[in-house]
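In: Fold the stuff below for me.
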Amino acid sequence: MTTPSGGLALSVVIPVFNEEKNIGETLRRLTAFLSLKGSSWEVLVSNDGSTDGTAEAVRRFASENPQQVIRLVSSSPNHGKGFAARQGVLAASGRYVLLTDADLSAPIKESDKLIRALEEGADIAIGSRGVRAKDCDVRQSLKRRFSGRVFNRLVRAFVLPDVRDSQCGFKCFRRETGQKLFSGQKLDGFCFDVEVLYLAKRAGLKVVEVPVMWSEGKESKIRLLHDSIAMTKDLLRIKKLHP
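Out: The predicted structure follows:
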């Protein structure tokens with residue numbers, strides 16, 4: 001990945017809600033990896049109305065590591081992951097914008113695969129647990145796997161027939177592409193991934209699914225029953241939101 005003249009090479013966007021305990025370690029791991037790349041970068045933490053000390057933890061890490069470009073984007077009250085992702089992507093400055101979960105379920109080193117796909121011509125590269133490859137283990141609970149497969153069947157039936165895994169929180173965009181899509185994205189909840197990919201499909205953009213390593217976080221914010229119902233309702237709204 002080369003640095004574009006006069007600008008950043010990569011923006012990493014992390015939507016967060018009440019991640020005080022984990023965000024410091026996440027930032028440490030991210031910046032340690034990115035510092036080895038030889039390219040310019042920034043990390044944007046999109047804090048979605050956290051009620052704990054998440055914002056303070058980010059500021060503390062930034063002050064203790066002044067050589068790193070750590071930006072805090074805050075909103076209040078809590079709106080949802082889709083809102084936080086949108087705020088972060090729209091604030092990004094890098095040539096490429098990587099969206100990743102706060103628990104780094106997909107190891108940050110897997111970002112090289114997504115960036116490579118963009119450099120080879122894709123408009124969007126999404127980490128996939130549905131497309132498998134050697135050395136790309138996926139570790140998740142039986143309950144999470146079952147609910148994910150059920151939801152994915154609905155996604156493929158109603159909106160995205162060609163996408164095997166819309167919900168992996170590890171996606172990379174060309175900045176102009178990502179900001180255009182997120183400017184039109186309206187859902188604030190977890191179904192925002194499907195909406196963004198639906199908008200990309202309508203625009204005729206090239207979306208590539210890339211197999212990645214993935215491991216379910218120990219403190220996932222997803223409430224399977226509650227969030228599955230909400231996501232299904234939002235899924236059925238997407239085409240109405242974008243006639």
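In: Pull up the distance across stretch 87-96, start to finish.
Out: 16 Å (C-alpha to C-alpha, to the nearest Å).
In: Please state the mean pLDDT value computed over the helix or strand harbouring Arg145.
Out: Taking DSSP states H and E as the definition, Arg145 sits inside helix 142-158. For helix 142-158, mean pLDDT is 81.
In: What are the contacting residues of that helix?
Out: Applying C-beta atoms under 8 Å, 6 or more residues apart in numbering, the set of residues contacting helix 142-158 from outside is 129-130, 140, 162-167, 194, 216, 220, 222, 224, 228, 231-232, 235-236, 239. Where you see a C-beta, it was placed from the backbone N, CA and C, and this is true even at glycine.
In: So for that helix, what gets flagged as buried?
Out: Residues of helix 142-158 classed as buried by neighbour count (16 or more other C-beta atoms under 10 Å): Ser147, Gly148, Phe151, Asn152, Val155.
In: any chance of those residues in CSV, plus distance to Leu8?
Out: Putting the buried residues of helix 142-158 into CSV (distance: C-beta to C-beta, whole Å) gives the following:
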residue, distance to Leu8
Ser147, 37
Gly148, 33
Phe151, 34
Asn152, 34
Val155, 32
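In: hmm, back to that, out of the contacts of helix 142-158, which end up buried?
Out: Buried subset of the contacts of helix 142-158 (neighbour count, 16+ other C-beta under 10 Å): 129-130, 140, 163-167, 194, 222, 228, 231-232, 235.
In: Show me the two of these that sit farthest apart.
Out: Gln140 and Leu235 (20.5 Å; C-beta to C-beta).
In: Next SSE downstream of the helix holding Arg145?
Out: In N-to-C order, the element after helix 142-158 by DSSP H and E is strand 171-174.
In: can you count the residues close to the closest residue to His79 other than its chain neighbours?
Out: Of all residues beyond its chain neighbours, the one nearest His79 is Asp188 (4.7 Å), with distances taken as C-beta to C-beta, 6 or more residues apart in numbering. With neighbours defined by other C-beta atoms under 10 Å, the count for Asp188 comes to 18.
In: Under a three-state scheme, what state does Asp188 occupy?
Out: coil (DSSP: H, G, I helix; E, B strand; the rest coil).
In: can you list contacts of the worst-scoring helix or strand of the chain on mean pLDDT?
Out: One helix or strand of the chain scores below all others by mean pLDDT, DSSP states H and E: strand 138-139, with a mean of 76. Strand 138-139 is contacted by residues Arg129, Arg132, Met213, Trp214, Ser215, Glu216 when judged by C-beta under 8 Å, 6+ apart.
In: Swap in 10 Å and give it another go.
Out: Residues outside strand 138-139 that contact it (C-beta atoms under 10 Å, 6 or more residues apart in numbering) are 105-106, 128-130, 132, 145, 165, 168, 211-216.
In: burial of Asp112, as a residue count?
Out: 12.
In: Kindly apply the preceding question to Leu8 instead.
Out: Leu8, neighbours per other C-beta under 10 Å, totals 19.
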